[in-house]
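Visitor: need a 3D model of the following:
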Amino acid sequence: MSKEPKGSATSSDEIKSELVRQLATILDETELSEIEYDTGTLRIRVARQVGQTSVALPAPPPPQATPASPAPSDSTEKAVDASAHPSAVKAPMVGVAYLASEPESPPFVKPGDKVTEGQTLLLIEAMKTFNPVPAPKAGTVAAILVTDGQPVEFDQPLVVIE
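Guide: As a prediction, this is how the structure comes out:
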């Protein structure tokens with residue numbers, strides 16, 4: 001049984017600790033969600049939690065096609081159709097979507113509302129900053145595909161404007 005001298009283990013731990021701090025600083029400066037450092041013998045991964053939850057769970061998979069339950073597959077197809085719509089406004093960043101400026105305020109838009117180009121559709125909070133998502137074109141809000149306070153991923157469909 002050989003042990004490393006106490007001083008060298010502490011020195012190694014301090015180097016790893018300093019490296020983690022440096023990686024965390026780079027993460028903050030670049031607004032990345034995770035960063036990894038790998039030398040072959042040492043691998044360090046630093047990741048940030050996005051929004052209010054640490055894990056965004058995907059929706060459960062649609063039920064397998066069975067003749068006994070056609071109704072769920074119909075509603076699933078409608079949801080897929082709306083998110084794949086060519087006029088879907090997609091999330092420009094990862095964050096948390098908010099449909100109103102404050103909890104008691106009315107939503108920015110509702111299905112059926114007419115919007116103008118540049119009008120705010122919703123907000124995405126990323127790193128304690130609220131970023132407006134503007135309408136890319138004038139039209140009518142056909143569907144809102146997210147709920148208030150829902151974590152969203154980059155390029156996720158948010159709203160359909162026809």
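Visitor: now do residue 67, the pLDDT please.
Guide: Each residue has a pLDDT score; the one for residue 67 is 49.
Visitor: low-scoring stretches of the chain, by residue?
Guide: Confidence mapping of the chain against pLDDT under 70 gives the ranges 1-13, 15, 49-83.
Visitor: contacts for stretch 126-140 next, please.
Guide: 31, 50, 87, 89, 91-96, 98, 112-125, 158-159, 161-162 (CB atoms under 8 Å, 6 or more residues apart in numbering). Heads up, the C-betas are built off the backbone N, CA and C, glycines and all.
Visitor: just the buried ones from those residues?
Guide: 50, 89, 91, 93-96, 98, 115, 119, 121-125, 158-159, 161 (16 or more other CB atoms under 10 Å).
Visitor: can you list which of these are found in strands?
Guide: Within the buried ones among the contacts of stretch 126-140, residues falling in strands by DSSP state E are 89, 95-96, 98, 115, 121-125, 158-159, 161.
Visitor: what's the closest of those residues to residue 40?
Guide: Distances from residue 40 to those, taken as CB to CB, are shortest for residue 95 (34.7 Å).
Visitor: show me what the closest one bridges to in the sheet.
Guide: Residue 95 has the following beta-bridge partners by DSSP bridges: residue 152.
Visitor: from memory it sits against residue 150, does it?
Guide: No. Look at residue 95 against residue 150 with CB atoms under 8 Å: they stay out of range, at 10.1 Å.
Visitor: which residues in the protein form strands?
Guide: Under DSSP E, the chain gives strands at 34-38, 43-47, 88-90, 95-98, 114-115, 120-126, 129-134, 139-144, 150-152, 157-161.
Visitor: mind listing what's buried in the second one?
Guide: Right, the one you point to is strand 43-47. residue 46.
Visitor: output that strand in CSV with nothing but the alpha carbons.
Guide: C-alpha atoms of strand 43-47 as CSV (Å, rounded to 0.1, in the frame of the first residue of the first chain):
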residue,chain,number,x,y,z
ARG,A,43,-12.2,14.7,-17.6
ILE,A,44,-14.2,17.5,-16.1
ARG,A,45,-17.7,18.5,-17.2
VAL,A,46,-19.5,21.6,-15.9
ALA,A,47,-23.1,22.1,-16.7
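Visitor: neighbouring strands - and their directions - for that strand?
Guide: In its sheet, and by DSSP bridges, strand 43-47 pairs with strand 34-38 (antiparallel).
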